[in-house]
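Chemist: this one's sequence-less:
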């Protein structure tokens, strides 16, 4: 009888210790204070138990925020399943923003845990309430974005190279560079003073049936050696401006010039690319003489 009592006491003591240990581990981590970048920057390392606790936290957080998801489950050492909790009769799928947010956070936490072995990326599955797969990721968000951009570049159609004052229609907009000149203005807080600052006059006409946004940041400027030049933030088109169907706006595009023209000014959409070739002399930059 005494042996039975001793065994029971030992089991109770071990259980209490186990609970105390779990509580201690939980209290050491304030998951709400760990952002996406913190996993790598702060070199956080998780045990397998801590990673499972993080899944519980993230599940609770999503429920609290009424995010439309989820229950989270570690199916095996390399697979995490997120179940979407949709209302009955709802036809709304989980959004791409939601899957990207969850994938990035789950993936970074997983890589910080001892589950991460041999540089093997985990598979993160999103399923509906019936267990049917919605989408699954076995590559990092950064790798998927890189591949997506490479696909866009590979399939993008080049509409050709044009000159100053030639109008080009691209993506439902007629774009024209109406002239160019150098300017003496400088930003007060700039780190360096460029050799030249060029002001290009830009006409942007929306010929589509949808609203469009015009911005100098949509252009890439390169010199003759294909060195990319900075868009110079003086005013107007540095920030997006909404252009309604049938409307035209006129504004400047400033860039820092190297004096090594001609300059290639390229505008891109997902489907098309177009380039204007601008000579030094056209914007008032002296030509080099040997």
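Modeler: Received, thanks. Predicted model only: the values in this text are computed from it and were never measured.

Chemist: For stretch 51-64, give the mean pLDDT please.
Modeler: Averaged over stretch 51-64, pLDDT sits at 88.

Chemist: what number of residues lie near residue 76?
Modeler: 10 (other Cβ atoms under 10 Å). (Glycine included, C-beta is placed from N, CA and C.)

Chemist: what residue ranges in this protein score low on pLDDT?
Modeler: Residues of the chain that meet the criterion pLDDT under 70 lie in 1-27, 66-69, 85-94, 185-192, 234-239, 288-290.

Chemist: May I have the secondary structure class of residue 233?
Modeler: With DSSP: H, G, I helix; E, B strand; the rest coil as the basis, the three-state label of residue 233 is coil.

Chemist: mind checking how far it is from residue 217?
Modeler: The spacing between residue 233 and residue 217, counted by Cβ to Cβ, to the nearest Å, is 9 Å.

Chemist: likewise residue 275?
Modeler: Residue 275 is 17 Å from residue 217, by Cβ to Cβ.

Chemist: higher neighbour count, those two?
Modeler: Neighbour totals were compared for residue 275 and residue 217, and residue 275 leads with 20 against 12 (other Cβ under 10 Å).

Chemist: buried stuff in the helix or strand hosting that one?
Modeler: Assessed by DSSP states H and E, residue 275 sits inside strand 272-278. For strand 272-278, burial by neighbour count (16 or more other Cβ atoms under 10 Å) applies to 273, 274, 275, 276, 278.

Chemist: wait, is residue 204 part of a helix?
Modeler: No. Under three-state DSSP, residue 204 falls outside any helix and is assigned strand.

Chemist: And it, how close does it get to residue 95?
Modeler: 31 Å.

Chemist: Which one's more surrounded, the two?
Modeler: Legend: neighbour count by other Cβ under 10 Å for residue 204 and residue 95, higher for residue 204 (22 against 11).

Chemist: I'd assumed residue 178 was in contact with that one.
Modeler: No. If you go by Cβ atoms under 8 Å, residue 204 and residue 178 don't touch, sitting 10.8 Å apart.

Chemist: what residues does stretch 59-76 touch?
Modeler: Residues from elsewhere that reach stretch 59-76 (Cβ atoms under 8 Å, 6 or more residues apart in numbering): 31-32, 51-52, 55-56, 58, 80-86, 92, 94, 98, 102, 106, 115, 125.

Chemist: Sounds good, over and out.
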